[in-house]
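Trainee: Okay, sequence plus prediction incoming.
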Amino acid sequence: MNKKAIGIFDSGVGGLTVLFQMLKKLPNEKFIYFGDTARVPYGSKSKETIIHFSRQDVKFLLSKNVKLIVVACNSASSNSMEVLKKEYDMPIFGVIEPTISSLSRKYRKIGIVGTYATIESKSYQKKIKARYNNNVKIYEKSCPLFVPIAEEGLVSTDITDRVIEHYLHKIKKEDIDSLILGCTHYPLFIDKLNDFFDGKVSLINPAREVTKVVVNYLREKGLENSNGNGNVEFYLSDIPRNFKSIAMNFLNKKIEHVKKIDIERY
Ligand code: DGL
């Protein structure tokens, strides 16, 4: 039993899709969520910058005395996990490895969608090839417009249909069997993507997979907070004008209190 909080960071609001899964599975835990809203997006930044930002995000969470850290952001997980694991003496979980380990051995044609930073890092691709001994076909596509569509609350409109068609019509022709939703925002598109692929493609949500791994880890190590009453402290590096309504789309729940911090101090 360990009553310390679980730290989660993301480039902004997208990581709330990971927090959403964690709150479902770990209702007694306390969470500290940090969203780097002053410097979002990470998905178009260079590897060096993403590493620099991720280090500061981790240092902030360490200052909150958390028991483990979840890197909710796919762009940060893709570009900075090795450095973070090497530099900090703390259990740190990214979204890539749990997702790869969850993939069925039956898959033969796997699609991966994400930001530029995630796709260009080839983080998913390299690990998938290793898992399947190269015996798998991989189709990748960065879909940057999904992020503003989700944040503007436009996912259920026909704008989304056109953007999905634009990005994914070639991948659809390849007859993929599975698609990794390699960006925090993309789970919001699950219904639209299911329609687009006529329900024939398994959609893999990294937010769910990292949650399962964290739940197992806490159990195995006896680190669960089994009788806490569960709550979240929200910290942001800037409070965007429409933060509360955007957050509602991602978390399905109202966020009452948010604290602003100066991430450059860390
Ligand atoms: N959170 C980011 C990710 O999962 C998406 C937004 C951004 O580009 O920062 O890659």
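Mentor: Yep, that arrived. Here the structure is a predicted model, which is why all the values come from computation and not from measurement.
Trainee: So which residues on the stretch 1-150 of the chain come close to the ligand?
Mentor: 10-12, 14, 40-43, 73-75, 115, 118, 147 (CB under 6 Å from any ligand atom). Bear in mind the C-beta positions are built from the backbone N, C-alpha and C, glycine included.
Trainee: wait, is residue 32 part of a strand?
Mentor: Yes: under DSSP: H, G, I helix; E, B strand; the rest coil, residue 32 sits within a strand.
Trainee: Least confident secondary structure element in the chain?
Mentor: helix 243-251 (a mean of 90; mean pLDDT, DSSP states H and E).
Trainee: is it up against the ligand anywhere?
Mentor: No: Helix 243-251 stays clear of the ligand (CB under 6 Å from any ligand atom), getting no nearer than 10.6 Å.
Trainee: Now tell me what touches that helix from outside.
Mentor: 13-14, 16-17, 19-20, 37, 150-151, 153, 155, 185, 188, 236, 240, 254-255, 258 (CB atoms under 8 Å, 6 or more residues apart in numbering).
Trainee: Just the buried ones out of these, please.
Mentor: 13-14, 16-17, 19-20, 37, 150-151, 155, 185, 188, 236, 240, 255, 258 (16 or more other CB atoms under 10 Å).
Trainee: now, among the residues you listed, which is nearest to residue 140?
Mentor: Nearest to residue 140, judged by CB to CB, of the buried ones among the contacts of helix 243-251 is residue 185 at 17.0 Å.
Trainee: Can you say which helix or strand has the residue found closest to the closest one once you drop the neighbours it is linked to in the chain in it?
Mentor: Once flanking residues are discounted, residue 185 sits nearest to residue 150: 4.2 Å by CB to CB, 6 or more residues apart in numbering. Taking DSSP states H and E as the criterion, residue 150 maps to helix 146-151.
Trainee: And residue 69, by the same measure?
Mentor: Using DSSP H and E, the element containing residue 69 is strand 68-71.
Trainee: Quick one: name the residues of the stretch 151-266 of the chain near the ligand.
Mentor: So the stretch 151-266 of the chain meets the ligand at 183, 184, 185 (CB under 6 Å from any ligand atom).
Trainee: contacting residues for whatever residue of the chain ends up closest to the ligand?
Mentor: In the chain, the residue that lies nearest the ligand is residue 43 (2.6 Å; CB to the nearest ligand atom). Applying CB under 8 Å, 6+ apart, one finds that residue 43 lies in contact with 11, 75, 114, 115, 116, 117, 118, 142, 144, 147, 183.
Trainee: Look up how far residue 173 lies from it.
Mentor: The gap separating residue 43 from residue 173 is 26 Å, by CB to CB, to the nearest Å.
Trainee: go on, residue 210?
Mentor: Taken as CB to CB, the span from residue 210 to residue 173 is 31 Å.
Trainee: Compare the two and say which one has the larger neighbour count.
Mentor: residue 210 (26 against 9; other CB atoms under 10 Å).
Trainee: So the more buried one: helix, strand or coil?
Mentor: Per three-state DSSP, residue 210 ends up helix.
Trainee: Residue 234 now?
Mentor: strand.
Trainee: give the contact list for the spatially closest residue to residue 50 that is not a sequence neighbour.
Mentor: Residue nearest to residue 50 in three dimensions, not counting chain neighbours: residue 79, with 4.3 Å by CB to CB, 6+ apart. Residues near residue 79 by CB under 8 Å, 6+ apart: 47, 50, 51, 54, 117, 121, 123.
Trainee: Appreciated, that's everything.
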